[in-house]
Structure formats: C-alpha cells, structure tokens
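# just need the structure, nothing else, for what follows:
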Amino acid sequence: MKLEDVNLTDLDRFQRMEHHEMFAVLRAEDPVHWTTEEDGPGFWSITKHADLQQVNRDAETFSAEQGGITLLEASKIEEGMDMRGKIMVMTDPPRHTRYRLLVNKGFTPRMIGLLEAHLAYRAELIVDQVIEQGHCEFVTEIAAELPLQAIAEIMGVPQEERHLLFDWSNRMVGADDPEYNKDPANTLDATMAAAELYMFASELGTRRREDPRDDVVTKLINAEIDGDKLTSEEFELFILLLAVAGNETTRNATAHGMHALMTHPDQMQRLRDNPDLMPSAVEEILRWSSPVLYFRRQATADFELRGKHIRAGDKIAMWHVSGNRDEEVFEDPFRFDVGRTPNDHVAFGGGGAHFCLGANLARLELRLIFEQLVTRTPDMRIAGEVERLRSNFIGGIKHIPVEFTPGARVHPGIAATTS
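Next up, the predicted model:
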C-alpha cells in the first residue's frame, strides 16, 4: 500500500480490517498525517506510541473539551446533544479534575474488590448458559453478558433491565452501521438512544435519592469533597458514559480476545498449560483489540510535532489502535502473544488526566470470563461469518458464531437466574 492510498475516513475499510495496513504505512512514512475531509476542516493523525502519550498527557495544549472526542463537528450534532464541557470524558482540567475526584468515590480498589467474587460467579453462570448446547453466538451470548451484568450490578438496576443498556449503547456507537441504523446518513436514532438512556439515568438518580442503597449510584449521588457534589446533570451524564463505555469496550475486547485465541490455537494451548499467564494475556488482549480506535483532541495553541506545524484550533485524532502496533515499542507487533512482556499498550489511553477510570474493572472482567472460557471451552472454534462494526471510532465485533464440545453446567438449574 502507498501513502496516497491511505483513507482514514472510509469506514468500510475499517470494517474490512484494512486499517492496520494503513497505519503501518503512516507510522513508517508520515506519522503525523493530515487528512482532508469532504464535510469538515480536516484533521491530524497521531500514529506513534510516544507522540500519542505526549498529546494525551498535555491537556493544556490538547483539549478534550473544545472539540469533543470524535471527529464529528459540533455543528452536525443534534440540538441538545452537545456534551462538550458536560460529560467527564469531554472536559479539561480544572473542571475535569473536580469531576474525576468526585466520581472516583465509586471506583476505589475496595469497591472493585467487593465485586470480584460476585462477578466470578456470574462469569461461571454465563458459560453455564451455553455449555450444554455446544454452540452459541459468542458476542451476544457471552462477550456482552459480563459487562452488562457488572454495569447493572454497579448501578443497582434489575438484571432484567440490562438489555436496555445493550440496545442503547449499540444504537449510539453503531450510528454508521446499517445493522443498528438503517440510514447511516441520519443520526436521529443514535440521538434518540442517548435521550432514552439520559432519561433512564435521571429516573435512576431520583430513585436512589428516595431509596439509598449500598451501590455505586448512591455513592456517586452522595460523593462530596469540601461541600462540592455532582450536579444532577453531571450525575446523569456520568451514568450515560458508564452505561456505554462500561459495557461496549469490554464486550469488544472480549470478542477480539476470543477471536485471537481461536485463530491462534497455539496461544490458547499455551494459556491452558500456563494459567499464570492470564494477567499478561489480558494485557495482550487489550493491546490487540484496542476497543476505542481513537480519541480526538483540539489544539489550543500552535505546536510542532515531527516537523509538522499543528495550529491552534486544529483537530487531532490520537489513534490508539496504531500506537498499539508501533514497531518501535512492541517486538513483532502483529504477533498475538499471551506472554508478551513488557506490554506498554495504550488501550486505556496514553496516561494523563484522562486515563480510563474503569481500567481495573475491565481487567477484572476480562480475567474472569477468560478463566472460564480457557478451562471450559478450550476447543471453541469459529463456525460462520465474523461480522464487524462499521466504524472508525469503535473497534467492534458484532457477531461470531462458534462451536465447541458440549460440557456440563457447574451449577445445573441455577444459570437461568441470570436470564
């Protein structure tokens, strides 16, 4: 592939997995690359690991608030849905610092630790649901379930309502995919999904204020630092972020991870033979999957990087998916290696103020579900077409039909309680 063949605005090429080759060309020939947009001002692409870390850690020069986190321009966002400066991921310090300190109250190591035994049991039951039939649709029946059940547990909402979160998040991140939006040129359905989820969060907040419980939602509502608390809008937008980011990213990491293990059976066997490799396998799955392909920043001042002059107001895309294949950082980066170490991936961002709040929860969920899959369905294999999300923002897998040797439930008759 030649440099002139690179097109980072062609979503179909991402769906066909051609982006890895495009980014390899950019890293080698034009690591700070300018893309002209037909319906926008154009943007710079940051493709090298070190540059991504530099940009991500400099919140003063590179704003998450001015332009938001996607390449979509604010002028094209439906009225009332512009979340810049309101939702935590689209704020800059000091606003972001205050917001983060308050929501951290619900995500302390102790809170995550209290979830572990409960989520381990749920991971077991998820595999119980399919183990006897010897086949399933991996994404909807396995990969999606533990993140959804975890988010429902964190929010303190009934498990039977978790599929509402699944539907809302699919419609929001799948606005450019015809499976979730019949008319990708029209983002109204994604807007409606966000509005429905926002109303759900508002009602949830009202219920918890009237009926406090020992859950993260109640802790967020009551979180206070020097008399400062989250406003109702901040709480509701954080619940929206949690509902989407908390299940979409881990679901896709799980799907990519199992796909990698099925297409690299030597690594599956290696993991079976060496269970102590599970922590490093989780890190490799995160690097390999890069569930969020990029985040946008907007330059607040002129800046020079690798000889390119970035001007104040310019749009920038930090491509995590490219940084995670950087040949200068990862030996043989296109090799899936469950024992890879060191593994300084940027799947949770390049550090700094916006390092992923849910990183420890995501790692926990991935470890728990893969412990079940590696030990109980070691011969799982792809049994049909793998369908990927049409997006250059989320690295999603929508469907993977799989087959495996049927086994027995660990808790016969109990697994149905999660359905």
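# what's the pLDDT at the most centrally placed residue in the chain?
Within the chain, one residue has its C-alpha closest to the average C-alpha position: by Cα atoms, centre = their mean, that is Thr249, at 2.4 Å. Looking at Thr249, its pLDDT reads 91.
# please tell me how far it sits from Leu357.
12 Å (Cβ to Cβ, to the nearest Å). The C-beta positions use only the backbone N, C-alpha and C, and glycine is treated the same way.
# got it, and Glu196?
24 Å.
# same thing with Gly134?
From Gly134 to Leu357 the distance is 38 Å (Cβ to Cβ).
# looking at those two, which is more packed in?
Leu357 (21 against 15; other Cβ atoms under 10 Å).
# and Asp82, how many neighbours?
A count of nearby residues for Asp82, using other Cβ under 10 Å, gives 13.
# what's the answer for Leu293, then?
Counted with other Cβ under 10 Å, Leu293 comes out at 22.
# ok, now which ones touch it?
Neighbouring residues of Leu293 by Cβ atoms under 8 Å, 6 or more residues apart in numbering: 14, 19, 319-321, 391-395.
# would you turn these into TSV with secondary structure?
What follows is those, written out as TSV (DSSP: H, G, I helix; E, B strand; the rest coil):
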residue	secondary structure
Phe14	helix
His19	helix
Trp319	strand
His320	helix
Val321	helix
Ser391	coil
Asn392	coil
Phe393	coil
Ile394	strand
Gly395	coil
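# ok, the residue nearest to the centre of the chain - contacts?
Neighbours of Thr249 in contact, by Cβ under 8 Å, 6+ apart: 291-292, 358, 362.
# what about it, which SS state?
Per three-state DSSP, Thr249 ends up helix.
# wait, what's in contact with Thr263?
Counted by Cβ under 8 Å, 6+ apart, Thr263 has contacts Ile382.
# swap in 10 Å and give it another go.
336, 381-382, 386 (Cβ atoms under 10 Å, 6 or more residues apart in numbering).
# quick one: His118 and Ala152 touch, right?
No - counting by Cβ atoms under 10 Å, His118 stays clear of Ala152, with 11.4 Å between them.
# those two: which has the busier surroundings?
A direct count of neighbours by other Cβ under 10 Å for His118 and Ala152 places Ala152 higher, at 20 against 12.
# name the element the more buried one belongs to?
helix 145-155 (DSSP states H and E).
# and that helix, which residues are buried?
Neighbour counts over helix 145-155 (16 or more other Cβ atoms under 10 Å) mark 145-155 as buried.
# on that earlier part again, which of the contacts of Leu293 lies closest to Thr140?
Nearest to Thr140 out of the contacts of Leu293 is Ile394 (Cβ to Cβ; 16.3 Å).
# what is the neighbour count of that closest one?
Other residues close to Ile394 by other Cβ under 10 Å number 24.
# so it bridges to which residues?
Val292 (DSSP bridges).
# that one reaches Gly174, doesn't it?
Yes - when contacts are counted by Cβ under 10 Å, Ile394 is listed as touching Gly174 (8.2 Å).
# low-confidence ranges in the stretch 51-200 of the chain?
78-80, 182-187 (pLDDT under 70).
# helices along that one, start to end?
Listed in chain order, the helices of the stretch 51-200 of the chain (DSSP state H, counting those that start in this stretch) span 95-103, 109-131, 138, 145-155, 162-173, 188-210.
# still on that earlier bit, and the buried residues of helix 145-155 as a markdown table, adding distance to Gly407?
Below are the buried residues of helix 145-155 laid out as a markdown table (distance: Cβ to Cβ, whole Å):
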| residue | distance to Gly407 |
| --- | --- |
| Glu145 | 18 |
| Leu146 | 19 |
| Pro147 | 23 |
| Leu148 | 23 |
| Gln149 | 21 |
| Ala150 | 24 |
| Ile151 | 28 |
| Ala152 | 27 |
| Glu153 | 26 |
| Ile154 | 30 |
| Met155 | 32 |
